[in-house]
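[1] Quick check, what structure comes out for this input:
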Amino acid sequence: MEILYKVYDNLYVNLTNRCPCACVFCLRQSTDCVGESASLWLEREPTAREVMAEFSKFDMSQFGEVVFCGFGEPTEAFDVMIPVARFVKETYGMPVRLNTNGLGNLINGRDITPELEGLIDTVSVSLNNPDPIRYQEIVRSRFGEESFAAMTDFTRRCVAHVPNVVMSTVDTTITHEEEAKCRKICEEIGATYRIRAFEG
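    Residues are numbered from 1 along each chain as shown. Below you'll find the model as predicted:
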């Protein structure tokens, strides 16, 4: 199983293949790998101990950041993610980023954002679209209509606990007018807006 994989100058952590969304642009629909991985489909979910052991296989000095982002939503494996993030901080003192759909509070049935404090340096949330109905059409969340409000609330709560909070959309998937609305949402929340390149 590929638990850790390199993308450019960062080391990515693939904890789970579970995700409450089926985004229309998701890479999982067209490829088995990202970056220097061979296949990100897991035979089973690794334990925190197994994930920690994988880091010894890499020269950590060559990476700028450790990123929780694989073929699934990292907060689906939150109880593994947190001890691994703590391990990375205590062992390597490196910046840690969480790439997320922002539905972690719905997934875990509680506000998980306070538990990110001191362990996660950047949270990058997929905003995707400024309109709640259109957002649901794009992400196709199993949580339905409450997903957009939950995602923006999660991001707002992250701002209180994480130094750098980013919300992103994918270029070519929305209009410039929608991007302007997304930028306004980010300003109101206190997050940075980022338009990321489509990869497909």
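[2] where in the protein is pLDDT low?
    198-200 (pLDDT under 70).
[3] how does it look with 80?
    In the predicted model, the chain carries pLDDT under 80 at residues 27-33, 35, 37-38, 172-173, 197-200.
[4] all helices in it, in order from the N-terminus.
    48-54, 78-92, 104-108, 132-139, 147-159, 176-189 (DSSP state H).
[5] now those helices in JSON lines, with distance to residue 41 and mean neighbour count?
    Heads up, the C-betas are built off the backbone N, CA and C, glycines and all. Formatted as JSON lines, the helices of the chain follow (distance: least, Cβ to Cβ, whole Å; neighbours: other Cβ atoms under 10 Å):
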{"stretch": "helix 48-54", "distance to residue 41": "16", "mean neighbour count": "16"}
{"stretch": "helix 78-92", "distance to residue 41": "17", "mean neighbour count": "18"}
{"stretch": "helix 104-108", "distance to residue 41": "20", "mean neighbour count": "20"}
{"stretch": "helix 132-139", "distance to residue 41": "21", "mean neighbour count": "17"}
{"stretch": "helix 147-159", "distance to residue 41": "25", "mean neighbour count": "21"}
{"stretch": "helix 176-189", "distance to residue 41": "31", "mean neighbour count": "14"}
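[6] got those as JSON lines, with distance to residue 121 columns?
    Shown next, in JSON lines, are the helices of the chain (distance: least, Cβ to Cβ, whole Å):
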{"stretch": "helix 48-54", "distance to residue 121": "18"}
{"stretch": "helix 78-92", "distance to residue 121": "9"}
{"stretch": "helix 104-108", "distance to residue 121": "17"}
{"stretch": "helix 132-139", "distance to residue 121": "25"}
{"stretch": "helix 147-159", "distance to residue 121": "12"}
{"stretch": "helix 176-189", "distance to residue 121": "18"}
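[7] Nearest to residue 17, out of these?
    The minimum distance between residue 17 and those falls on helix 78-92, with 13.2 Å, by Cβ to Cβ.
[8] ok, and what's touching the closest one?
    Applying Cβ atoms under 8 Å, 6 or more residues apart in numbering, the contact partners of helix 78-92 are 13, 15, 45-48, 51-52, 55, 60, 66, 68, 74-75, 94, 96, 98, 104, 107-108, 112, 115, 118-120.
[9] buried subset of those residues?
    13, 15, 45-46, 48, 51-52, 55, 66, 68, 74-75, 94, 96, 98, 104, 107, 112, 115, 119-120 (16 or more other Cβ atoms under 10 Å).
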